[in-house]
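Colleague: my questions concern the predicted model and sequence given below.
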Amino acid sequence: MAIQIDGGKKVSGSLVIQGSKNAVLPIMAASVLGAGTTVIENCPDIFDVHAMSDVLRSIGASVNYRNHTLTICSSHIKKTAIEEKSVGEIRASILLLGSVLARLGSVSICYPGGCSIGSRPIDFHLRAFRKMGAQVNEEKDRIDCLAKKRLTGTTISLPFPSVGATENIILTSVLAEGETVLLGAAMEPEITELCRFLRKMGAQITGEGTDTLRVCGVKELKSVRWGLCADRIVFLTWAMLTAGCGGEAELFMKETIPCAEKQVLEQLGCMIEREGRRICLSQKHVPRPIRYLKTQPYPGYPTDGQSLIMPVLCKGNGVSTIEEGIFENRFRMIRQLKKMGANIDYVCNHARITGVTKLHGALVQADDLRSGAGLLIGGAMAEGRTTITKEHFINRGYENVTGQLQALGILAEEV
């Protein structure tokens with residue numbers, strides 16, 4: 001399957017932002033910690049959720065999805081070996097290292113799959129497990145962790161604010177004995193969402209939203225019902241679509257727009273008005289260039305947003321520079337944008353983008369989730385027809401993507 005877009009039209013329409021992919025996956029892993037039934041409302045209907053559901057089923061959980069409500073019964077989870085077939089398609093399965101280890105005292109997992117956007121080693125995760133008292137054995141393609149007795153809280157310092165490591169350490173420490181202090185923690189809103197969810201389960205966590213987290217371990221957690229936050233990267237996708245194509249869009253979500261994303265949208269010339277859940281975005285002129293933009297850990301501009309702004313800058317009225325500060329393979333999309341007439345030069349982790357008068361439709365392919373989303377934006381901005389192959393990457397994080405494009409006035413269909 002592929003996605004076909006007939007571009008050149010301005011955005012016009014409204015859309016409710018789906019639930020957050022990057023929040024629901026660690027929450028699904030956290031559901032293992034309570035021996036009961038967890039209900040997650042506003043859960044996005046995306047590939048990664050269904051893949052993670054399959055992983056949970058493989059270790060004994062009962063998982064059902066219906067009408068954006070995910071129900072997970074973890075009462076009968078006893079299996080500690082997570083097989084390669086289950087984890088090969090989704091990197092977030094690595095979070096089960098922490099939650100299964102914390103609940104059952106041992107876990108064995110193959111190295112996970114997912115998007116190929118660069119090296120994402122898990123040394124920080126394993127180092128933390130060892131410091132809390134777990135025995136960790138790394139084979140060529142497998143990781144085995146064993147806690148002969150209850151894990152012990154300690155002070156852990158991360159040399160880089162890794163989101164995955166922060167989440168895994170939280171998941172491991174909530175049932176550990178004593179207090180765990182995590183220094184240099186990632187501060188993303190999705191981590192705050194995870195901490196709030198765990199606190200409702202009965203965990204004792206403070207400091208979310210800062211770089212220092214304190215977790216006082218408890219003996220057990222209960223299962224709960226939870227309403228998931230909106231996906232800030234999906235919001236940014238459709239906001240960048242508006243900035244690139246021009247026109248007006250109404251996007252609905254209760255969460256605030258992170259400052260870095262809001263500032264970048266305004267630098268592009270996008271006007272933003274908010275009233276309650278309704279966010280009105282409008283772009284009346286050609287996007288302005290951005291002299292220099294570097295992707296950084298939160299609260300900086302997100303690496304996931306780099307692929308979303310690049311096609312917009314391709315028609316910017318001037319020269320822009322992007323420095324990728326997180327993943328080394330985020331620039332793979334450049335060769336696809338060049339097929340559409342983009343003028344981009346890049347060396348290592350710097351891209352220099354000179355705006356052109358127009359982009360033209362082309363046959364392109366998604367290399368990962370966010371590059372696929374960026375090509376949706378580029379295709380909508382281009383004159384003529386764009387066909388995007390490897391649609392499955394986009395389906396990892398966006399539900400009913402052609403329907404969402406159509407709701408915003410963009411001609412799109414699956415072919």
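Modeller: Right, received. Where do you want to start? Numbering: from 1, shown residues only.

Colleague: how much space separates the nearest residue to L25 once chain neighbours are set aside from E138?
Modeller: Leaving aside its chain neighbours, L25 sits nearest to A92 (3.8 Å; criterion: CB to CB, 6 or more residues apart in numbering). From N, CA and C alone the C-beta is placed, and that goes for glycine too. A92 sits 20 Å away from E138, taking CB to CB, to the nearest Å as the criterion.

Colleague: mind checking pLDDT for the residue nearest to L25?
Modeller: Confidence at A92, expressed as pLDDT, is 86.

Colleague: quick revisit: A92 and E138: who's more crowded?
Modeller: More neighbours surround A92 than the other of A92 and E138, with 23 against 13 (other CB atoms under 10 Å).

Colleague: so the more buried one is in contact with A23, correct?
Modeller: No: using CB atoms under 8 Å, A92 is not in contact with A23; the gap is 10.9 Å.

Colleague: where along the stretch 1-150 of the chain do the strands fall?
Modeller: Under the criterion DSSP state E, counting those that start in this stretch, strands of the stretch 1-150 of the chain are mapped to 3-7, 11-16, 37-41, 62-66, 69-73, 81-82, 106-110, 135-138, 142-146.

Colleague: also the stretch 201-350 of the chain?
Modeller: Counting by DSSP E, counting those that start in this stretch, the stretch 201-350 of the chain has strands at residues 204-206, 212-216, 225-227, 247-252, 271-275, 278-283, 293-294, 319-323, 343-347, 350-354.

Colleague: picking up where we left off before, which one of the strands of the stretch 1-150 of the chain lies closest to Q365?
Modeller: In terms of CB to CB, the element of the strands of the stretch 1-150 of the chain nearest to Q365 is strand 3-7, at 10.8 Å.

Colleague: who does the closest one pair with, and is each partner parallel or antiparallel?
Modeller: strand 384-389 (antiparallel), strand 411-414 (antiparallel) (DSSP bridges).

Colleague: so which of these gets nearest V49?
Modeller: V49 sits nearest to strand 411-414 of all the strands paired with strand 3-7, at 19.6 Å, using CB to CB.

Colleague: which residues are contacting that closest one?
Modeller: With CB atoms under 8 Å, 6 or more residues apart in numbering as the test, strand 411-414 has contacts from 1-7, 9, 376, 379-380, 391, 401-402, 405-406.

Colleague: swap the cut-off to 6 Å and go again
Modeller: Strand 411-414 is contacted by residues M1, Q4, I5, D6, T402, L405 when judged by CB atoms under 6 Å, 6 or more residues apart in numbering.

Colleague: of these, the lowest pLDDT goes to which?
Modeller: Ranking these by pLDDT, M1 lands last with 88.

Colleague: farthest pair in the contacts of strand 411-414?
Modeller: M1 and D6 (17.4 Å).

Colleague: higher neighbour count, those two?
Modeller: D6 (17 against 9).

Colleague: find the nearest non-adjacent residue to the more buried one, please.
Modeller: Excluding the flanking residues, the one nearest D6 by CB to CB, 6+ apart is L411, at 4.1 Å.

Colleague: state the number of residues packed around that neighbour.
Modeller: Look at L411: counted by other CB under 10 Å, it has 16 neighbours.

Colleague: how about the strands of the stretch 201-350 of the chain in a markdown table, adding mean neighbour count and mean pLDDT?
Modeller: Below are these laid out as a markdown table (neighbours: other CB atoms under 10 Å; pLDDT from 0 to 100):
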| stretch | mean neighbour count | mean pLDDT |
| --- | --- | --- |
| strand 204-206 | 15 | 98 |
| strand 212-216 | 19 | 98 |
| strand 225-227 | 15 | 98 |
| strand 247-252 | 20 | 98 |
| strand 271-275 | 12 | 98 |
| strand 278-283 | 19 | 98 |
| strand 293-294 | 20 | 98 |
| strand 319-323 | 19 | 97 |
| strand 343-347 | 13 | 96 |
| strand 350-354 | 18 | 97 |
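
Colleague: can you say which of those strands is nearest to N42?
Modeller: With CB to CB as the measure, strand 225-227 is the member of those nearest N42 (5.6 Å).

Colleague: counting by contacts, list what the closest one packs against.
Modeller: Under the contact criterion of 3 or more CB pairs under 6 Å, 6 or more residues apart in numbering; DSSP states H and E, strand 225-227 touches strand 37-41.

Colleague: for the strand it packs on, buried residues please.
Modeller: Buried residues in strand 37-41, counted by 16 or more other CB atoms under 10 Å: T38, V39, I40.

Colleague: now swap in stretch 402-415 and tell me
Modeller: For stretch 402-415, a neighbour-count test (16+ other CB under 10 Å) marks T402, Q404, L405, A407, L408, G409, I410, L411, A412 as buried.

Colleague: out of those, which sit inside helices?
Modeller: T402, Q404, L405, A407 (DSSP state H).

Colleague: between these, which is nearest I205?
Modeller: Q404 (34.0 Å).

Colleague: OK, contacts around that closest one?
Modeller: Contacts of Q404 (CB under 6 Å, 6+ apart): L15.

Colleague: next one: P287
Modeller: A243, L268, V312, G316.

Colleague: narrow these to those that are buried.
Modeller: When the contacts of P287 are checked for burial by 16+ other CB under 10 Å, the buried set is A243, L268, V312, G316.

Colleague: just the helices in this structure please.
Modeller: Assigned by DSSP H, the chain shows helices spanning 21-30, 47-58, 84-87, 96-104, 123-131, 163-173, 189-201, 232-245, 259-267, 306-313, 334-339, 369-381, 392-395, 401-407.

Colleague: okay, these in TSV with distance to G325 next?
Modeller: Below are the helices of the chain laid out as TSV (distance: least, CB to CB, whole Å):
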stretch	distance to G325
helix 21-30	18
helix 47-58	24
helix 84-87	28
helix 96-104	26
helix 123-131	18
helix 163-173	14
helix 189-201	19
helix 232-245	17
helix 259-267	12
helix 306-313	9
helix 334-339	17
helix 369-381	15
helix 392-395	22
helix 401-407	28
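
Colleague: right, I'll leave it there.
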